[in-house]
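Trainee: Turn this into a structure:
(one chain, ligands or ions: 1)
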Amino acid sequence: MGLPTRALIAGAGITGLSTAYFLAKKGISSIVVEKRQNIGGMAVPVDLGGVRMWQGVHLLHASSKENRALVEELAGLMRPDCLVVRPSAKVFYGGDYLSYPLMLQELVARFGFWVLLAGGFHGFWFALRKDALNPAFDSFEDVARSAFGDRVYRMFFADYTKKLLGVEGKEIDAEWALKRLPLPGFRRLIEGLLPWAGFRGLSAHDMIGEVQFVGEEGMTSLATGLVQACKEKLRLELNCKVKEVHWGENGVEGVVVQREDGGQEEFSDVFVVSTMPLPELLRCLVPPPPEDVMEVSSRLRFRGVTFVGFAFEKRPSLKADWVYVQDEAFIFNRVGDISRFTSNPLLVAEVSEERAKKCEGNLVEKVLCDLCRLPGLENLGEPLWAGITSENRAYPLWHKGFRQDLKRIFAFIGSIKGLYSIGRQGAFEYLNMDECARMALDLVSTVIDE
Ligand SMILES: Cc1cc2nc3c(=O)[nH]c(=O)nc-3n(C[C@H](O)[C@H](O)[C@H](O)COP(=O)(O)OP(=O)(O)OC[C@H]3O[C@@H](n4cnc5c(N)ncnc54)[C@H](O)[C@@H]3O)c2cc1C
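Mentor: Got it, this is the predicted structure:
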């Protein structure tokens, strides 16, 4: 027996809307159910009393060569509002700005030859072990220390990880380092030593300086473009959340959704693509999953980010489109200047949710005070406007052993015919928007095959 011919998609973020779009291209209809009042999920600006408050800098780019054509297609949906940019970034470290990606000459000038030589030695040894011996690393800290040495780990990664994720590097799975750090491999080392071999600097973000896309309204343009491209194949339900997913031997049996006013509606004869947080999906299942699945699911945690935005009379002179701030003494992890891409004048600082909570009523003052300590921003003056938003599931927190936990959960989900869980929160993966769209596209191919 094949799958039903209609999809119920939980969540109208980039993953959910991309799924609807790729299904529509194959002639399959979707009902997208979104608990918020707007589409686009965590990628889009939020309306704060008429001001479009960006939740950090969001640019569409290809995270891998394979995704380039896909990104071009998505950017096409953003037109005529689509701007093409080549963003720049810097790291603020020890009172000064460093280029990002990090350049060897600058690092030598800043930290001295011997620190770098020691780091290089670690890198060489790491590349050898990683490529030849493939040891099992215990944690993020273990990988980063092995790859860069103790000193570089403390200088660059220890504080920043704690700031971003709220836990020590030793509590985070080694896979986070493999995903997030510019780990040395022999190719990188050779390129680093031979500048003409194409070395572009050390960075976990190879896309900096590459072509990227953004709309005047940020990723609202992408979300709107995806919806419009679905035409009559999409029914969109906002302010409405998935409450129960009923399943049995034959797979998904039906879905109950609840509107803001308390009214409910049931859908049967649908397959379900969930992009909501994985633990939340499991809690919606009727009957509930086996106990061991619920137990491993209770270990999945997310980390939130609070965004503090300001508009000033004069355009602030931030040294790059965005600046990473390693230093523990500054409350924010990153500051982005939205006015570099659009006519929106906001300067947005990202603060981890925990640190934001500790500030209680003083968050705006504290962020403003720290902004004025950044060279170049000393004379910001009084803001014309300030606003705060939060995204409480911005980052999946990859605890040690999380991959095993995910395996158990997805073995269970995979046993329910017509149930899929994808996207940043749904797959518990650290995904960029292009990777979300890729996951949606791959899922649609699987569904069509079934
Ligand atoms: C600070 C920051 C900056 C980033 N910058 C970039 C960038 O520059 N480029 C890039 O490519 N990526 C960036 N990303 C990543 C990007 O935001 C995500 O990859 C993408 O937005 C995830 O989309 P999603 O649809 O998977 O998840 P979400 O956007 O979280 O969508 C899930 C949706 O499900 C809804 N939902 C939850 N529960 C229910 C329920 N029970 N019923 C119905 N709906 C429900 C939620 O309201 C939400 O709208 C950034 C992320 C962060 C946090």
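
Trainee: Show the backbone phi and psi for the nearest residue to Arg52 once chain neighbours are set aside.
Mentor: Nearest residue to Arg52, sequence neighbours excluded (CB to CB, 6 or more residues apart in numbering): Pro45, at 4.2 Å. To be clear about C-beta, it is placed using only N, CA and C from the backbone, and glycine gets the same treatment. Main-chain torsions, Pro45, degrees, to the nearest 10: phi -60, psi 150.

Trainee: what sits against the closest residue to Arg79 other than its chain neighbours?
Mentor: Spatial nearest neighbour of Arg79, excluding adjacent residues (CB to CB, 6+ apart): Gly225 at 7.7 Å. Counting by CB atoms under 8 Å, 6 or more residues apart in numbering, Gly225 touches Leu74, Leu77, Met78, Arg79.

Trainee: Can you tell me which of those are buried?
Mentor: Leu74, Leu77, Met78 (16 or more other CB atoms under 10 Å).

Trainee: now, which of those lie within strands?
Mentor: Secondary structure from DSSP state E places none of the buried ones among the contacts of Gly225 in strands.

Trainee: Output the set of residues of the stretch 251-400 of the chain in proximity to the ligand.
Mentor: Contacts of the stretch 251-400 of the chain with the ligand, taken as CB under 6 Å from any ligand atom, map to Thr275, Met276, Glu280, Val305, Glu350, Glu391, Ala394.

Trainee: Sort out which one of the contacts of Gly225 lies nearest Ser30 for me.
Mentor: Nearest to Ser30 among those is Leu77, at 16.1 Å by CB to CB.

Trainee: Tell me who's in contact with the closest one.
Mentor: Going by CB under 8 Å, 6+ apart, Leu77 touches Tyr21, Leu222, Gly225, Leu226, Gln228, Ala229.

Trainee: Just the C-alpha atoms of stretch 420-427, please, in PDB.
Mentor: This file holds the C-alpha atoms of stretch 420-427, laid out as PDB (Å, rounded to 0.1, in the frame of the first residue of the first chain):
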ATOM      1  CA  TYR A 420       9.100  11.900   8.900                       C
ATOM      2  CA  SER A 421      11.000  14.400  11.100                       C
ATOM      3  CA  ILE A 422      13.400  16.800   9.400                       C
ATOM      4  CA  GLY A 423      14.900  20.300   9.700                       C
ATOM      5  CA  ARG A 424      17.100  22.000  12.200                       C
ATOM      6  CA  GLN A 425      14.800  21.100  15.200                       C
ATOM      7  CA  GLY A 426      13.100  18.100  13.700                       C
ATOM      8  CA  ALA A 427      16.400  16.300  12.800                       C
END
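
Trainee: In contact with the residue of the stretch 101-250 of the chain found nearest the ligand, which residues?
Mentor: Residue nearest to the ligand within the stretch 101-250 of the chain: Lys241 (3.6 Å; CB to the nearest ligand atom). Lys241 makes contact with Val33, Lys35, Val257, Gln258 under the criterion CB under 8 Å, 6+ apart.

Trainee: now those residues in a markdown table, with neighbour count?
Mentor: Shown next, in a markdown table, are these (neighbours: other CB atoms under 10 Å):
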| residue | neighbour count |
| --- | --- |
| Val33 | 29 |
| Lys35 | 19 |
| Val257 | 20 |
| Gln258 | 17 |
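
Trainee: of all those residues, which comes closest to the ligand?
Mentor: Closest to the ligand, out of all of the contacts of Lys241 and judged by CB to the nearest ligand atom, is Lys35, at 4.0 Å.

Trainee: Tell me which helix or strand the closest residue to the closest one other than its chain neighbours sits in.
Mentor: Among residues not flanking Lys35 along the chain, Lys241 sits closest, at 3.8 Å (CB to CB, 6+ apart). Using DSSP states H and E, Lys241 maps to strand 240-248.

Trainee: roughly how far out does that strand sit from the chain middle?
Mentor: 26 Å (CA atoms, centre = their mean, to the nearest Å).

Trainee: neighbouring strands for that strand, and are they parallel or not?
Mentor: strand 251-259 (antiparallel), strand 285-286 (parallel) (DSSP bridges).

Trainee: tell me the mean pLDDT for it?
Mentor: Strand 240-248 comes out with an average pLDDT of 98.

Trainee: Check stretch 72-80 too.
Mentor: So the average pLDDT for stretch 72-80 ends up being 92.

Trainee: before we move on, which element is Glu210 in?
Mentor: Glu210 is part of no helix or strand when elements are defined by DSSP H and E.

Trainee: Of the contacts of Gly225, which pair is most distant in space?
Mentor: Between any two of the contacts of Gly225 (CB to CB), the greatest distance is 10.7 Å, for Leu74 and Arg79.

Trainee: Mind checking which of the contacts of Gly225 land in helices?
Mentor: Leu74, Leu77, Met78 (DSSP state H).
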